[in-house]
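Student: Just to be clear, the model below is a prediction. Sequence and coordinates:
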Amino acid sequence: MGFDCGFDIHPRLEPTAANKDQYQRFLDEIIREYGDIYDERGRRADGKVLSTPGDAGASDRLHIRFMVGECPQLPSHPNGCYYFLRFSSKISGSLTSPAEPYIKGVYKTAKKYLGSRVHFWHEMSETGDERQFGYYDWQTVYDAEKELGKLTYPADERSGTSSLLDADAGRSSNSTQCLDLKQDSSSSQPATSSQLASKNGKAYAIMPVPSKGQGVIATRKIHKGTRIISEAPMFKVPRDEPSIQAVDDAIIRALKSLDRDDQRAFFSLCNAYGKAHSPFLGIARTNVLPLGSEAREGGLFLEASRVNHSCRHNAQNTWNASIGRLTIHALCDIEEGQEITISYLARRMEHSERQGFLKAKFLFDCSCDLCMLPPAQRQESDLRLRSIQSIDDTIGTGVASTPNTGLHLVRAMLRLLEEEGIWDAGVPRAYYDAFQIAVMDGDEARAKIFAERAYAARVVIEGDDSPTAARLRKLAERPSQHPLYQVRKDSPQEIDGLEFDDWLWRETNGQSDRSS
Ligand SMILES: C[S@@+](CC[C@H](N)C(=O)[O-])C[C@H]1O[C@@H](n2cnc3c(N)ncnc32)[C@H](O)[C@@H]1O
């Protein structure tokens, strides 16, 4: 939790010539006022407060961003004035507190140029308490951001060198044309994520998410199993290295080998640790993603590292060694406008353990759907998670006394995973457990089906080019290739006449089949 602070523009600034002119004056003053301000509590390592499209290496041409708190932002060009609905940030907490004076300062300037349509939130708070509310719901604000992402500005068409912040860029152009112009695909200017979303077919945009800094939002419906992100690491960082100095040195070495744009991009990543570490280590610890469960290195990514956490995540990150890239796949259908989330947890954890882990390692209090369940439902969820863990342990240690018991446990675990809304790697792992039980029992018919299911579930979360998926495909074709395979004991004819699922899981009318 925490308090937000901000102002809304209502009614919206229609993109008339007069409004655009006024908006440009507003921008000019913001840049004059804040362009040379440095704040050591800010988000950038060099402390510079304003991030503008004119900055070399700027990855966002659509916004002027204040690199404090949750990075409140404004459309960087007068043609985008209609989409300027809100300027805000969370302001409580060590990472977000520096934002408040800037928001108040920008509010004053906005009031000066945009007048009575500028409303600081406390003017709208009916209750008088510290929770403040804007004119718009967040969905309207996100929708406006999305629409802004579809706009192109005159500078995009002209050359790869002009800055959007040229005072003349907006004024000298034919404004009615500008709104309709599509971006020149040969432009050498970097595009924002949202521009790329439409240009390169990406299904997401990186944008501010309340109380989380930046995040990744679906810009269209994404179907289960879709590869949303496939990204090579900017560089790798040692994991489990006890010497902080050694990690710092490794990052500095890696940074030196990057060009200036990539170095700046690194420093624009979130640093949850503030002054607790050097900026190198702080950024790395906040953003590094594992390159495989056994890997001794993690990777830093410009886009994948922007994906926030949810304990009920809708996407899965995996290191795909076959293509040397980190992939993020949709675990379920994700609707347009929904945030794409992964899990930062190293294993399944109950509520209080999750909260403690996320606070200690990533310095935030998780308020995802699962963590916000009413206490009774949260207890039920914890109970299911405990049961899943206990079954997993039992199967993992080979304690299941017979193949029947083993399969029944796996089936129970799959049901619990489904009830809990978990579609992650636990699903293919469970099918693989069932496969192993069948293989060790010489049961080729069931082994084949379980391997097929493990393969299909693995493809959803990793794609069919992952090494694990490839191995499962081979096992599904010939289960007997597995080293644990034994000569079969029961004949496939035994399946005749039985319900398929009951046969598969060795259950008859819900009772154990005790034939073996
Ligand atoms: C890898 S970064 C994710 C991207 C980041 N939000 C940004 O602005 O670039 C991890 C940091 O994001 C924030 N974060 C991630 N998930 C969050 C969540 N569910 N709630 C609040 N903050 C979150 C925390 O500050 C965390 O340390």
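Tutor: Looks like it came in fine.

Student: For the stretch 151-300 of the chain, which segments count as helices?
Tutor: In the stretch 151-300 of the chain, the segments counted as helices under DSSP state H, counting those that start in this stretch are 154-158, 167-171, 175-180, 193-199, 244-256, 260-267, 279-287.

Student: weakest of those helices in terms of mean pLDDT?
Tutor: Out of the helices of the stretch 151-300 of the chain, helix 175-180 stands lowest, with a mean of 22 (criterion: mean pLDDT).

Student: Return the list of helices and strands in contact with the strand or helix carrying residue 428.
Tutor: Using DSSP states H and E, residue 428 sits within helix 426-440. Under the contact definition 3 or more Cβ pairs under 8 Å, 6 or more residues apart in numbering; DSSP states H and E, helix 426-440 sits against helix 375-396, helix 403-419, helix 444-462, helix 467-477. Yep, even glycine has a C-beta here, placed from its N, CA and C like the rest.

Student: contact partners of that helix?
Tutor: With Cβ atoms under 8 Å, 6 or more residues apart in numbering as the test, helix 426-440 has contacts from 348, 388, 392, 395, 400, 403, 406-407, 410-411, 413-414, 417, 444, 446-447, 450-451, 453-455, 457-458, 461, 468, 472, 475, 479, 482, 484-486.

Student: Please pick the buried ones from those residues.
Tutor: 348, 388, 392, 395, 400, 403, 406-407, 410-411, 413-414, 417, 444, 446-447, 450-451, 453-455, 457-458, 461, 468, 472, 475, 479, 482, 485 (16 or more other Cβ atoms under 10 Å).

Student: Which residues of the chain lie near the ligand?
Tutor: For the chain, the residues in contact with the ligand under the definition Cβ under 6 Å from any ligand atom are 211-215, 269-270, 272, 286-287, 305-306, 308-310, 362-364, 366, 368.

Student: State the helix or strand in which the residue nearest to residue 343 when sequence neighbours are not counted lies.
Tutor: In space, and not counting its chain neighbours, residue 343 is closest to residue 313: 4.6 Å by Cβ to Cβ, 6 or more residues apart in numbering. Using DSSP H and E, residue 313 falls within no helix or strand.

Student: these two touch, right, residue 313 and residue 424?
Tutor: Yes. With contact defined as Cβ atoms under 8 Å, residue 313 reaches residue 424; the gap is 7.3 Å.

Student: between those two, which one's more packed in?
Tutor: In this view residue 313 and residue 424 are compared by other Cβ atoms under 10 Å, and residue 313 has more residues nearby, 24 against 18.

Student: Which pLDDT value does the model give the more buried one?
Tutor: Here the pLDDT value assigned to residue 313 is 97.

Student: so what's the most centrally placed residue in the chain up against?
Tutor: For the chain, residue 307 is the residue whose C-alpha lies nearest the centre (Cα atoms, centre = their mean; 1.9 Å). By Cβ under 8 Å, 6+ apart, the contact set of residue 307 is 215-216, 229, 315, 317, 328, 340-342.

Student: Kindly supply the PyMOL command isolating those of those residues that are buried.
Tutor: Here is the PyMOL command that selects the buried residues among the contacts of residue 307 (16+ other Cβ under 10 Å):
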select buried, resi 215+216+229+315+317+328+340+341+342
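
Student: Quick check: residue 275 vs the ligand, distance?
Tutor: Shown here: residue 275 relative to the ligand, a distance of 15 Å by Cβ to the nearest ligand atom, to the nearest Å.

Student: burial count for that residue?
Tutor: Residue 275 has 11 neighbours, counted by other Cβ under 10 Å.

Student: check which helix or strand covers residue 119.
Tutor: Per DSSP H and E, residue 119 falls inside strand 118-120.

Student: Right, and the ligand sits closest to which residue of the stretch 151-300 of the chain?
Tutor: residue 213 (2.7 Å; Cβ to the nearest ligand atom).

Student: quick one: that residue and residue 34, what's the gap?
Tutor: Distance of residue 213 to residue 34, computed by Cβ to Cβ, to the nearest Å: 20 Å.

Student: For these two, work out which one has more neighbours and name it.
Tutor: Neighbour totals were compared for residue 213 and residue 34, and residue 213 leads with 22 against 19 (other Cβ under 10 Å).

Student: close enough to count as contact, the more buried one and residue 71?
Tutor: Yes. Judged on Cβ under 8 Å, residue 213 makes contact with residue 71 at a distance of 6.7 Å.

Student: where does this protein have its least confident helix or strand?
Tutor: Least confident element among the helices and strands of the chain, by mean pLDDT, DSSP states H and E: helix 175-180 (a mean of 22).

Student: isn't residue 505 right up against residue 407?
Tutor: Yes. Contact criterion Cβ under 8 Å: residue 505 and residue 407 qualify, at 5.1 Å.

Student: Tell me, how many residues neighbour residue 252?
Tutor: Neighbours of residue 252 using other Cβ under 10 Å come to 11.

Student: Not counting sequence-adjacent ones, nearest residue to it?
Tutor: Spatial nearest neighbour of residue 252, excluding adjacent residues (Cβ to Cβ, 6+ apart): residue 280 at 6.1 Å.

Student: and what of residue 424?
Tutor: Using Cβ to Cβ, 6+ apart and skipping residues adjacent in sequence, the residue nearest residue 424 is residue 316, 5.5 Å away.

Student: Next one: the residue nearest to residue 252 from residue 261, what distance?
Tutor: Here the criterion is Cβ to Cβ. By it, residue 280 lies 18 Å from residue 261.

Student: Mind checking which of these two has more residues around it?
Tutor: residue 280 (21 against 13).

Student: What's opposite residue 237 in the beta bridge?
Tutor: residue 298 (DSSP bridges).

Student: Now do the contacts for it.
Tutor: By Cβ under 8 Å, 6+ apart, the contact set of residue 237 is 247, 250-251, 254, 284, 288, 297-300.

Student: Kindly report the same for residue 223.
Tutor: Counting by Cβ under 8 Å, 6+ apart, residue 223 makes contact with 330, 333.

Student: Going forward, the N-terminal residue is numbered 582.
Tutor: Got it, first residue is 582 now, which makes that one residue 804.

Student: Quick check, pLDDT for it.
Tutor: You'll see residue 804 listed with a pLDDT of 95.

Student: so how far is residue 691 from it?
Tutor: Per Cβ to Cβ, residue 804 is found 41 Å from residue 691.

Student: now swap in residue 1023 and tell me
Tutor: 75 Å.

Student: Looking at these two, which one has more neighbours?
Tutor: residue 691 (23 against 17).

Student: So that one: helix, strand or coil?
Tutor: Of the three states, residue 691 takes helix under DSSP: H, G, I helix; E, B strand; the rest coil.

Student: Next, the contact list for residue 931, please.
Tutor: Counting by Cβ under 8 Å, 6+ apart, residue 931 has contacts 963, 966-967.

Student: And the buried ones among the residues you listed, selectable in ChimeraX?
Tutor: Paste this into ChimeraX to select the buried members of the contacts of residue 931, with burial taken from 16+ other Cβ under 10 Å:
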select :963,966
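
Student: Make a markdown table out of the contacts of residue 931 and add pLDDT.
Tutor: As requested, the contacts of residue 931 are exported to a markdown table (pLDDT from 0 to 100):
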| residue | pLDDT |
| --- | --- |
| 963 | 98 |
| 966 | 97 |
| 967 | 96 |
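
Student: closest to residue 644 among the contacts of residue 931?
Tutor: residue 966 (40.0 Å; Cβ to Cβ).

Student: pLDDT weak spots in the chain?
Tutor: Within the chain, the ranges that satisfy pLDDT under 70 run 582-584, 637-640, 673-678, 703-714, 733-782, 979-982, 1068-1079, 1089-1097.
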